[in-house]
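*Asks:* got a structure for you, letters missing:
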């Protein structure tokens with residue numbers, strides 16, 4: 001009879017250790033007990049014992065032994081993402097404790113979409129680092145689906161992004177930077193010399209396409225439908241902002257994007273916004289912050305953004 005989940009949980013709570021997780025992940029990565037022992041600073045018999053203990057706790061094999069080493073079973077493959085997540089959380093916790101001990105004021109963990117990085121963090125972080133050297137800022141770039149997961153897992157304090165369709169429970173959105181869609185090109189594109197670009201001027205240019213699921217793609221489709229023609233496109237599709245700039249700089253391409261995403265390159269003169277006769281507004285970029293109690297580090301960050309970006313004028317930190 002297979003054990004129930006409550007039985008397995010009680011076993012794990014009583015006898016499972018961090019060393020088990022470390023051995024599971026490392027053994028799956030290296031596929032060899034001897035190399036795993038060297039990697040985690042244990043003897044080979046000790047790693048073998050850890051593996052046997054794990055398999056007794058859950059009553060199923062985790063690795064298949066063969067002449068070249070070991071291969072994870074289906075059960076191990078199911079457990080590995082959770083084990084890796086647990087190790088990553090432990091590392092984040094260790095970094096947070098170390099920062100609190102050595103830096104004084106603590107840590108603020110920020111998740112940010114590409115728009116949040118370009119429109120908010122690139123503008124405020126240099127000044128924040130100078131003004132608050134005792135606060136460690138940990139930044140992770142996220143895609144939109146990952147935002148909910150990070151908030152639910154409690155691994156982020158602030159998210160810089162556009163307002164989601166559904167706000168996570170207990171969080172609120174603070175708009176920071178207004179935005180609009182623009183058509184941009186590199187400095188060598190012929191259209192950059194025009195004082196006014198009309199829709200018809202874009203008919204024969206080559207476009208750098210956007211991902212099908214992106215708001216920019218939908219806006220470009222609407223623009224092309226309004227014009228009544230299909231765009232010529234190049235064969236590269238990317239969500240990476242720095243790669244977009246590289247492609248526009250090296251070829252006579254244009255693309256339609258939110259200004260906030262490419263603003264660092266526009267402000268440095270590396271990309272040019274074409275003076276299009278159309279106005280194309282878009283949702284602002286801002287911050288998701290918890291409505292509950294925040295750490296001093298988080299409150300300090302929110303206050304700093306308020307001072308730097310006029311879109312938050314008059315609001316108070318959570």
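*Replies:* Yes, it's here. No experiment lies behind these values; they were computed from the predicted model shown.
*Asks:* what residue of the chain is the furthest out?
*Replies:* The C-alpha centroid of the chain is most remote from residue 1, which lies 43.3 Å away (CA atoms, centre = their mean).
*Asks:* what helices or strands is the longest strand belonging to the chain leaning on?
*Replies:* When secondary structure is assigned using DSSP state E, the longest strand within the chain turns out to be strand 171-185. Contacting strand 171-185 under the criterion 3 or more CB pairs under 8 Å, 6 or more residues apart in numbering; DSSP states H and E are the following elements: strand 253-258, helix 259-267, strand 272-273, strand 281-290. Placement of C-beta: from N, CA and C, glycine included.
*Asks:* check which helices and strands the next helix or strand after that strand sits against.
*Replies:* Downstream of strand 171-185, the first helix or strand assigned by DSSP states H and E is strand 206-207. When contacts are defined as 3+ CB pairs under 8 Å, 6+ apart, strand 206-207 packs onto strand 232-233, strand 253-258.
*Asks:* what lies in contact with strand 206-207?
*Replies:* Residues from elsewhere that reach strand 206-207, judged by CB atoms under 8 Å, 6 or more residues apart in numbering: 220, 231, 232, 233, 234, 251, 252, 253, 254, 255, 256.
*Asks:* most neighbours among the residues you listed, which one is it?
*Replies:* With neighbours taken as other CB atoms under 10 Å, the top of the contacts of strand 206-207 is residue 256, carrying 25 neighbours.
*Asks:* which ones are touching that residue?
*Replies:* For residue 256, the set of contacting residues under the criterion of CB under 8 Å, 6+ apart consists of 181, 182, 183, 207, 210, 216, 219, 220, 223.
*Asks:* now it: closest residue in space, sequence neighbours ignored.
*Replies:* Among residues not flanking residue 256 along the chain, residue 220 sits closest, at 4.5 Å (CB to CB, 6 or more residues apart in numbering).
*Asks:* and the pLDDT at the one you found?
*Replies:* For residue 220, the pLDDT comes out at 90.
*Asks:* ok so it is a helix residue?
*Replies:* Yes - when classified by DSSP: H, G, I helix; E, B strand; the rest coil, residue 220 is found to be part of a helix.
*Asks:* could I get the helices and strands packed on strand 206-207 as a markdown table with mean pLDDT and distance to residue 274?
*Replies:* Conversion of those to a markdown table gives the following (pLDDT from 0 to 100; distance: least, CB to CB, whole Å):
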| stretch | mean pLDDT | distance to residue 274 |
| --- | --- | --- |
| strand 232-233 | 88 | 16 |
| strand 253-258 | 94 | 7 |
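*Asks:* among these, which comes closest to residue 97?
*Replies:* Put simply, out of the helices and strands packed on strand 206-207 the one that sits nearest residue 97 is strand 253-258, at 37.7 Å, with distance taken as CB to CB.
*Asks:* ok, residue 72 - contacts?
*Replies:* The neighbourhood of residue 72, defined by CB under 8 Å, 6+ apart, consists of 28, 62, 63, 64, 80.
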